[in-house]
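Novice: Below are the sequence and a predicted model; questions follow.
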Amino acid sequence: MWKVEVSSMSQESPPWRWCWRREGRGRRPKPRFIGFQPSRVIFVPLDESGRPVNNEPIYLNPDELEALRLVYYLGLTQEEAAKKMGISRGTLWRALSSGRKKLVSALVERRPLVLMSSPAP
């Protein structure tokens with residue numbers, strides 16, 4: 001399923017599992033399969049003079065980024081993307097909704113956007 005080309009500069013890696021860390025009562029969260037592992041990236045808007053804006057950052061979680069990537073970048077349907085991530089369509093819809101809201105907030109409010117990474121398992 002995943003091909004690694006050693007001679008190429010861009011290497012694909014196998015999907016990794018990511019899960020919320022939750023303490024206490026209730027059902028444990030189901031892990032999500034993330035096929036794209038970015039390093040920690042920060043997008044910082046600039047003011048009119050070209051200096052970085054120092055506002056409170058917005059953090060985009062790995063599952064939100066993966067949902068956005070699968071649906072909007074790769075063009076998969078929500079059903080196909082949910083199957084790839086190993087979650088229900090409703091859970092994917094919530095991740096998409098949360099990710100879209102965070103992206104729009106970062107653009108409109110001119111706040112830094114941090115793409116969170118999770119350590120490899």
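Specialist: Cool, the structure landed.
Novice: switch to C-alpha atoms for all contacts and neighbour counts from now on
Specialist: Noted.
Novice: Go through stretch 49-60 and flag the buried ones.
Specialist: 58, 59, 60 (16 or more other CA atoms under 10 Å).
Novice: dump the residue contacts of the first one.
Specialist: Spelled out, that is residue 58. Residues touching residue 58, when contacts are defined by CA atoms under 8 Å, 6 or more residues apart in numbering, comprise 102, 106, 111, 112, 113, 114.
Novice: Can you flag the buried ones in those residues?
Specialist: If you count burial by 16+ other CA under 10 Å, the buried members of the contacts of residue 58 come out as 102, 106, 111, 112, 113, 114.
Novice: The last one contacts residue 43, doesn't it?
Specialist: Yes - shown here, residue 114 and residue 43 form a contact pair, counting by CA atoms under 8 Å, at 6.4 Å.
Novice: Tell me the spacing between the residue of the chain most remote from its centre and residue 57.
Specialist: With CA atoms, centre = their mean as the measure, the chain has its most outlying C-alpha, relative to the mean C-alpha position, at residue 49: 30.7 Å. With distances defined as CA to CA, to the nearest Å, the gap from residue 49 to residue 57 amounts to 20 Å.
Novice: ditto for residue 107
Specialist: Counting by CA to CA, the separation of residue 107 from residue 57 is 11 Å.
Novice: any shared contact partners between these two?
Specialist: When contacts are counted by CA under 8 Å, 6+ apart, residue 107 and residue 57 have no shared neighbour.
Novice: First-to-last residue distance for stretch 62-76?
Specialist: Across its full length, stretch 62-76 reaches 18 Å between end residues, using CA to CA.
Novice: Identify each buried residue in that stretch, please.
Specialist: Burial within stretch 62-76, assessed by neighbour count using 16+ other CA under 10 Å, is assigned to 62, 63, 64, 65, 66, 67, 68, 69, 70, 71.
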